[in-house]
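In: after the sequence you'll find the predicted model.
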Amino acid sequence: MNPYAWIENSLTTIHRADWYRAVKTIQSSSGATVLLDGREVINFASNDYLGLAGDIRLIQAATTAIQNFGTGSTGSRLLSGHRELHSDLEIAIASLKQTEDAVVFSSGYLANLGAISALVGKRDLVLSDQYNHSSLKNGAILSGASLIDYPHCDVEALKNQLRQHRKNYRRCLIITDSVFSMDGDLCPLPFLLDLAEEFSCMLLVDEAHATGVMGKNGAGCVEYFGCTVRELIQIGTLSKALGSLGGYVAGSSSLIDFLRNRAATWIYTTALSPADTAAALAAINIVKEEPQRRAKLWGNVQYLKELIEARLPNLQLLPSESPIICFQLASAGEALKAGEILKDAGIFAPAIRPPTVPTSRIRISLMASHERVHIERLVDALVDVSLSIAT
Ligand SMILES: *Cc1c(COP(=O)(O)O)cnc(C)c1O
């Protein structure tokens, strides 16, 4: 018997469930409109919230860094991979987040795997929101700690789990997205911090979709909720609002110092490239200096919500307090159909299906670079969807 035959069978099962996925080719620079399969579409599928991934200043910073330092960083940070650019970026992140220090990883995924598996082990407990991002869940699994999911954003249920289980473990870590990436709602951060304090737990919050977007200065949900002075562990990515590639952890200097000595996904991997590092640094300066980008983004969120309320009062929107706006569909097949109708109308907003999420949906993400007319075209297309599919 062919030991690889199961792979074909497994693919067939994936197809049958309408769960099959394949890449889509974007043939242009990042922006409010992109060329998709040879056709210009309005882009509601991007995490480039502030429109920085195509910004000339990031492009110039990256180009200059390549000219000065080459394309590759050639080694891990502790061997030959470290440049002054890395320190500059870490200082800028810590300054934005108002933490003592920060450390950059090669991706946000690696930041979560490395931080969680360094902070807890076999004798410890991880409590994880059931809707957390894959990188948080897999970080917890990699750590070898006991792992319990708590119902989404349910502070009472979490408290009961802590009452029941906390005493049986050495350390305890609560992990959560701050903006939930496939829903758009926010974690109840102040309450989670109170529980962490009451039960002597660490709290790790993933600000991937919040950095640059939430809070007066774009520092994220920690700033938005007024929790900057409280002790916690902040994770994030350089690849969403910051328009580059890479991840980070921000927190106390002892935490960061510890991770530089214990986080395997930082120690045993090649340092972030000079181009990515320089682009992210330029982006953080823009986040600080151009609050008008954030204002435009939130104006767009407001406008879309108003239009939907006026024209599609029955659309089943998931609760959202972010630029991520989702509406639910009855099945993966219907979500795919809705995605196709939108695509035919020149709108790029993907169907998100299991196993990424428990229920199928269309996910819309707004950017500062969208104009009102883009949002109006989106709502026109959503009206078409609602006429073709019972949403
Ligand atoms: C995107 C994302 C990540 C991964 O970040 P990358 O830098 O793309 O690896 C981690 N956590 C959350 C919540 C995310 O949305």
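Out: Perfect, I can see it now.
In: the residue of the stretch 1-150 of the chain found nearest the ligand: neighbour count?
Out: Among the residues of the stretch 1-150 of the chain, residue 108 lies closest to the ligand, at 2.4 Å counting by CB to the nearest ligand atom. (Each C-beta comes from the backbone N, C-alpha and C, glycine too.) Using other CB atoms under 10 Å, residue 108 is surrounded by 25 other residues.
In: identify the residues contacting it.
Out: For residue 108, the contacting residues are 135, 206, 208, 235, 236, 237, 238, 239, 246, 247, 248, by CB atoms under 8 Å, 6 or more residues apart in numbering.
In: next, name the residue at the spatial heart of the protein.
Out: The centre of the chain sits closest to residue 208, judged by CA atoms, centre = their mean, with a distance of 3.5 Å.
In: can you give the domain ranges for this protein?
Out: Split into domains by automatic domain parsing, the chain comes to 24-49+291-390, 56-289.
In: show me what from the stretch 101-250 of the chain comes close to the ligand.
Out: Selection of the stretch 101-250 of the chain residues close to the ligand by CB under 6 Å from any ligand atom yields 107-109, 112, 133, 135, 177, 181, 206, 208-209, 237, 239, 247.
In: buried ones from the residues you listed, can you make that a ChimeraX selection?
Out: Restricted to buried positions by 16 or more other CB atoms under 10 Å, the ChimeraX selection for those reads:
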select :107,108,109,112,133,135,177,181,206,208,209,237,239,247
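In: which residues in the stretch 151-300 of the chain form helices?
Out: 155-165, 189-198, 221-224, 253-262, 264-267, 274-289, 291-311 (DSSP state H, counting those that start in this stretch).
In: now do the stretch 1-150 of the chain
Out: With DSSP H, counting those that start in this stretch as the criterion, the stretch 1-150 of the chain has helices at 5-16, 56-69, 84-97, 108-119, 134-143.
In: so who does the residue nearest to the centre of the chain touch?
Out: 108, 133, 177, 179, 181, 235, 236, 237, 240.
In: ok, residue 232 touching residue 207?
Out: No. Residue 232 lies out of contact with residue 207 (CB atoms under 8 Å); the separation is 10.6 Å.
In: of these two, which one has the most company?
Out: Regarding residue 232 and residue 207, a neighbour count based on other CB under 10 Å identifies residue 207 as having more, with 29 against 21.
In: which residues do residue 232 and residue 207 both contact?
Out: Counting by CB under 8 Å, 6+ apart, the common neighbours of residue 232 and residue 207 are residue 222.
In: and the end-to-end length of stretch 190-210?
Out: 16 Å (CA to CA, to the nearest Å).
In: please begin residue numbering at 12 from this point
Out: Will do, 12 is the new start, and the previous item becomes stretch 201-221.
In: distance from that stretch to the middle of the chain?
Out: Here stretch 201-221 is found 17 Å from its chain centre; the criterion is CA atoms, centre = their mean, to the nearest Å.
In: can you say which of the helices of the stretch 12-161 of the chain is packed in most?
Out: helix 119-130 (a mean of 25; mean count of other CB atoms under 10 Å).
In: now that one against helix 264-273, angle please.
Out: Angle of helix 119-130 versus helix 264-273, following axes from the mean of the first three to the mean of the last three CA atoms, to 10 degrees, is 100 degrees.
In: in PDB, list the C-alpha atoms belonging to helix 119-130.
Out: Output of helix 119-130 as PDB, limited to C-alpha atoms (Å, rounded to 0.1, in the frame of the first residue of the first chain):
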ATOM      1  CA  GLY A 119       4.000  37.500  14.800                       C
ATOM      2  CA  TYR A 120       3.400  33.700  14.600                       C
ATOM      3  CA  LEU A 121       6.900  33.100  15.800                       C
ATOM      4  CA  ALA A 122       6.600  35.700  18.500                       C
ATOM      5  CA  ASN A 123       3.700  33.900  20.000                       C
ATOM      6  CA  LEU A 124       5.200  30.400  19.700                       C
ATOM      7  CA  GLY A 125       8.500  31.600  21.200                       C
ATOM      8  CA  ALA A 126       7.000  33.800  24.100                       C
ATOM      9  CA  ILE A 127       4.400  31.300  25.300                       C
ATOM     10  CA  SER A 128       6.700  28.300  25.100                       C
ATOM     11  CA  ALA A 129       9.300  30.200  27.100                       C
ATOM     12  CA  LEU A 130       6.900  31.500  29.800                       C
END
